[in-house]
Each structure stands twice: as structure tokens, then as C-alpha cells.
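Got a sequence here, can you build the structure:
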Amino acid sequence: MCLAVPGRVIDIGERDGTRMATVDFGGVVKEVCLEYLPDLRVGEYAIVHVGFALQRLDEESARQTLELFAELGLLQEEFGDPWEQAAAEAGGWPFGDDSTTQEAARQ
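Numbering: from 1, shown residues only. So this is what the prediction gives:
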């Protein structure tokens, strides 16, 4: 599933002529394109979908949405470790259950 997730802009810069931001999604930090919201500023919130900031959002709405997504497990689904997700869907780690094996599988 691919969600539109609210996030807080923590830094803004330019990459290859494109205005980009570092955005915090409740602890997960990603790089986001700001071409659709060129006047977005550090500290503001936006709804982000597939790496593009699409709409400005107030802080309270962003926090409520992030809390709801977290309760439903949607943030883990959207941003979680794909190795852990695959293992969970398969019923466990294929080479054992100890943490050493799991850590090696992630690398």
C-alpha cells in the first residue's frame, strides 16, 4: 500500500536544480521533492505521497493522522524494514530465529 503521509519539514535544500526537503514522518526521515509546494518552509507540515509534498497541513491534523496511522500499523507497513516484513509474512526468518541471524539478513 502507498499512503499519503503527513510529515514535518526539518531542512530544505536543492539537488540537481530541484527544491528538496528532509521530512520527519514521526521518527522516519526521508527526502521529499517540494516542486508542488515551492513556498513550504522549515517547521511546516505537508502531506507527502511517493516522495512529493502535495499539500500543506496544520500541525494538529498532522499529529492526529500520524498517531492514527501508527495505531493501525500503517507507518510500519509504509516505512518499515522490508526484510522484517517479508519474514513476518513468511512466518519467521528462514535461517533461524536468533537476533544474530536476523541482523545478518538485514545487511
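
helices or strands up against the longest helix that the chain contains?
Scanning the chain for the helix with the most residues, using DSSP state H, yields helix 59-72. Contact here means 3 or more Cβ pairs under 8 Å, 6 or more residues apart in numbering; DSSP states H and E; on that basis helix 59-72 packs against strand 5-15, strand 45-49, helix 74-79. For the C-beta atoms, the positions are set from N, CA and C on the backbone; glycine is no exception.

now those in CSV, with mean neighbour count, mean pLDDT and distance to residue 27?
Listed next are the helices and strands packed on helix 59-72 as CSV, based on neighbours: other Cβ atoms under 10 Å; pLDDT from 0 to 100; distance: least, Cβ to Cβ, whole Å:
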stretch, mean neighbour count, mean pLDDT, distance to residue 27
strand 5-15, 16, 94, 10
strand 45-49, 21, 94, 15
helix 74-79, 16, 63, 8
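
Just put those in CSV and tack on distance to residue 65.
Below are the helices and strands packed on helix 59-72 laid out as CSV (distance: least, Cβ to Cβ, whole Å):
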stretch, distance to residue 65
strand 5-15, 5
strand 45-49, 8
helix 74-79, 10
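
quick one: residue 21 from residue 69, how far?
The spacing between residue 21 and residue 69, counted by Cβ to Cβ, to the nearest Å, is 20 Å.

Please apply the same query to residue 15.
In this view, residue 15 and residue 69 are 27 Å apart by Cβ to Cβ.

sorry, back to before: and of the helices and strands packed on helix 59-72, who's closest to residue 56?
strand 45-49 (5.6 Å; Cβ to Cβ).

who does that closest one pair up with?
The strands beside strand 45-49 in its sheet (DSSP bridges) come out as strand 5-15 (antiparallel), strand 52-57 (antiparallel).

Just put these in TSV and tack on distance to residue 26.
Listed next are these as TSV, based on distance: least, Cβ to Cβ, whole Å:
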stretch	distance to residue 26
strand 5-15	8
strand 52-57	13
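
closest one to residue 74 among those?
strand 5-15 (8.4 Å).

Which residues does the closest one contact?
Residues outside strand 5-15 that contact it (Cβ atoms under 8 Å, 6 or more residues apart in numbering) are 19-26, 29-32, 34, 40-49, 53, 57, 59, 61-62, 65-66, 69, 75, 78.

Alright, calling it a day.
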